[in-house]
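Q: Build the 3D model from these lines:
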Amino acid sequence: MGLFQELDIEARKHKLDFLIIGGLAVIFHGYSRDTADLDLLIRRNNRPGWLGLFSQMGYNIHEERDAFVQLSPPKAGAWPVDLMLVVDPTFDPILAAGISVEMFGAPMKIPTLEHLIALKLHALKHGHIERYLKDFLDVENLVRIHRLDLRSEKWKQLFLKYGTLEIYEKISRLAADE
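A: This is a model prediction of the structure:
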């Protein structure tokens with residue numbers, strides 16, 4: 001059984017909700033790019049359950065911060081896993097609106113395009129510099145592929161709420177140049 005099938009079974013068994021975010025979600029929304037890890041959005045208060053589940057699967061904590069846990073796989077070549085922890089008021093609407101997809105033979109949920117972009121903008125605003133370019137390119141390319149009208153009030157407000165005016169202006173200029 002593969003990681004995704006095991007994740008589906010064990011998460012349901014332990015009543016642990018999640019969404020696939022990061023590179024795999026970006027790919028499902030139409031921007032094909034490389035990704036080397038599995039990123040999960042989870043409820044902050046389910047942290048112990050998730051750490052226990054992944055420990056049983058042979059994973060070890062590689063790095064841990066308040067809202068983020070990076071797990072090392074049990075063997076070379078296996079998927080590393082990153083857990084992004086959020087509070088219920090953030091998690092619940094993203095899960096409720098989530099899109100069901102099949103990923104590596106298992107049913108998974110990914111955020112809507114709007115929620116995914118909001119998560120990426122939040123990462124750009126609060127994240128680490130080593131991730132900035134990847135997240136920026138994800139947002140830029142999702143905007144281009146989906147031909148989002150960033151002049152619309154909806155998208156402008158989303159960028160300003162979760163990102164910054166500078167990010168909004170840069171991506172708006174780049175999308176307009178196409």
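Q: In contact with the most centrally placed residue in the chain, which residues?
A: By Cα atoms, centre = their mean, the chain has its centre lying nearest to Ile21, at 2.2 Å. Going by Cβ atoms under 8 Å, 6 or more residues apart in numbering, Ile21 touches 39-41, 84, 110-111, 116, 119. Glycine gets a C-beta too; all of them are placed from N, C-alpha and C.
Q: is it possible to export those residues to TSV including distance to Phe104 and secondary structure?
A: Output for those, formatted as TSV (distance: Cβ to Cβ, whole Å; DSSP: H, G, I helix; E, B strand; the rest coil):
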residue	distance to Phe104	secondary structure
Asp39	14	strand
Leu40	14	strand
Leu41	18	strand
Met84	20	strand
Ile110	13	strand
Pro111	18	coil
Leu116	19	helix
Leu119	21	helix
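Q: would you list the residues you listed in a markdown table and tack on pLDDT and distance to Ile99?
A: Below are the contacts of Ile21 laid out as a markdown table (pLDDT from 0 to 100; distance: Cβ to Cβ, whole Å):
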| residue | pLDDT | distance to Ile99 |
| --- | --- | --- |
| Asp39 | 97 | 16 |
| Leu40 | 98 | 15 |
| Leu41 | 98 | 13 |
| Met84 | 96 | 18 |
| Ile110 | 98 | 5 |
| Pro111 | 98 | 7 |
| Leu116 | 98 | 10 |
| Leu119 | 96 | 14 |
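Q: closest to Asn60 among these?
A: The nearest member of the contacts of Ile21 to Asn60, counting by Cβ to Cβ, is Leu40 at 16.3 Å.
Q: between the contacts of Ile21, which has the most around it?
A: Leu41 (27 neighbours; other Cβ atoms under 10 Å).
Q: Can you tell me how far that residue is from Pro74?
A: Here Leu41 is placed at a distance of 22 Å from Pro74 (Cβ to Cβ, to the nearest Å).
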